[in-house]
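K.L.:
Structure for the following, please:
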Amino acid sequence: MTTNQPRRLADTLAEWENQQRAQWEAADTPLTFDAWKQQQRAQREIEAEARIAAEERAAAARRIRAHFERNVPYRYLDASTDHADLLSWAGSLAEANTSNGYLRGRSILLVGPTGVGKTHAAFGALYRYVQDGGHCRPTIVTAADLYAQLRPRPGRDSEELFEQHARANLLFVDDLGAAKSSEWVEEINYRLVNHRYEQQLPTLITSNVPPAELGTILGDRVASRLTEMCTTVVLKGHDRRRAA
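P.N.:
Presented below is the predicted three-dimensional model:
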């Protein structure tokens with residue numbers, strides 16, 4: 001270090017000190033100069049921590065959105081919804097805090113005839129959740145794929161896979177009730193719904209089954225829990241696929 005460098009550093013510090021003193025005098029505060037400097041230092045630290053936290057939240061939101069879009073079927077990449085109940089649900093979840101690492105909230109049962117746009121509306125609601133800053137990655141599965149994945153087979157731990165879906169922070173199950181009923185299917189449905197009911201884990205479910213027939217198709221135990229844990233949204237209309 002040359003002899004000029006300490007001098008330049010001292011000059012810089014002196015200039016900074018003079019600037020601070022001028023700001024202190026302009027503030028016309030009852031605090032002493034030293035107390036005012038401590039207050040300003042603490043405020044800068046608070047602001048820096050807030051900026052870092054905001055940057056971390058923004059980065060996390062980008063990761064969640066990227067993960068979500070990688071897992072959305074190509075057909076639903078531009079999905080949206082204007083249904084007030086779905087938008088309200090998505091917004092309230094995005095604002096909710098986690099409890100013990102889990103997102104808690106109400107669920108949605110989206111019902112209607114085949115082809116009225118239930119899946120499209122459901123993905124639209126999930127998009128709104130992600131866009132509003134939701135901090136949990138949605139787990140997405142059709143009921144048929146879930147049963148196929150859970151069927152016992154050598155080399156696969158079906159119970160571990162079931163737990164991944166049962167404990168997911170935010171779960172979307174598409175087309176519940178479409179599979180042929182059996183004792184095994186009924187058991188999977190009951191265990192899945194019951195766990196999420198007891199833990200109050202938000203679940204988005206679509207189904208072709210009319211609300212009045214839930215007990216007949218899914219069983220009374222499942223229907224009872226769905227009725228209590230879910231806001232039921234009914235979509236009406238004609239089969240868009242056939243019309244297209």
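K.L.:
Give the phi and psi angles for the residue lying closest to Ser92 once chain neighbours are set aside, as a check.
P.N.:
Counting by C-beta to C-beta, 6 or more residues apart in numbering, Ser92 lies nearest to Gly105, which is 6.6 Å off, once chain neighbours are set aside. C-betas here are computed from N, CA, C, even on glycine. Backbone geometry at Gly105, expressed as degrees, to the nearest 10, gives phi 170, psi 180.
K.L.:
So Gly105 is in contact with Leu204, correct?
P.N.:
No: using C-beta atoms under 8 Å, Gly105 is not in contact with Leu204, being 10.8 Å away.
K.L.:
who has more neighbours, those two?
P.N.:
Taking neighbours as other C-beta atoms under 10 Å, Gly105 and Leu204 compare with Leu204 leading, 27 against 17.
K.L.:
The more buried one: what secondary structure?
P.N.:
Classification of Leu204 using DSSP: H, G, I helix; E, B strand; the rest coil returns strand.
K.L.:
which residues does the residue nearest to it when sequence neighbours are not counted contact?
P.N.:
Nearest non-adjacent residue to Leu204, counting by C-beta to C-beta, 6+ apart: Phe172, 4.5 Å away. Applying C-beta atoms under 8 Å, 6 or more residues apart in numbering, we find Phe172 in contact with Ala122, Leu126, Pro138, Thr139, Ile140, Val141, Thr203, Leu204, Ile205.
K.L.:
What residue, apart from its backbone neighbours, is nearest Ser181 spatially?
P.N.:
For Ser181, the closest residue by C-beta to C-beta, 6+ apart turns out to be Ile217, at 7.0 Å.
K.L.:
Tell me, how many residues neighbour that neighbour?
P.N.:
18.
K.L.:
go on, the one 5 residues further on?
P.N.:
A count of neighbours around Val222, defined by other C-beta under 10 Å, yields 22.
K.L.:
Contact partners for it?
P.N.:
Glu186, Asn189, Tyr190, Val193, Asn194, Leu214.
K.L.:
So it lies in a helix, does it not?
P.N.:
Yes: according to three-state DSSP, Val222 belongs to a helix.
K.L.:
Relative to Ala14, how far out is it?
P.N.:
76 Å (C-beta to C-beta, to the nearest Å).
K.L.:
Cheers, nothing more for now.
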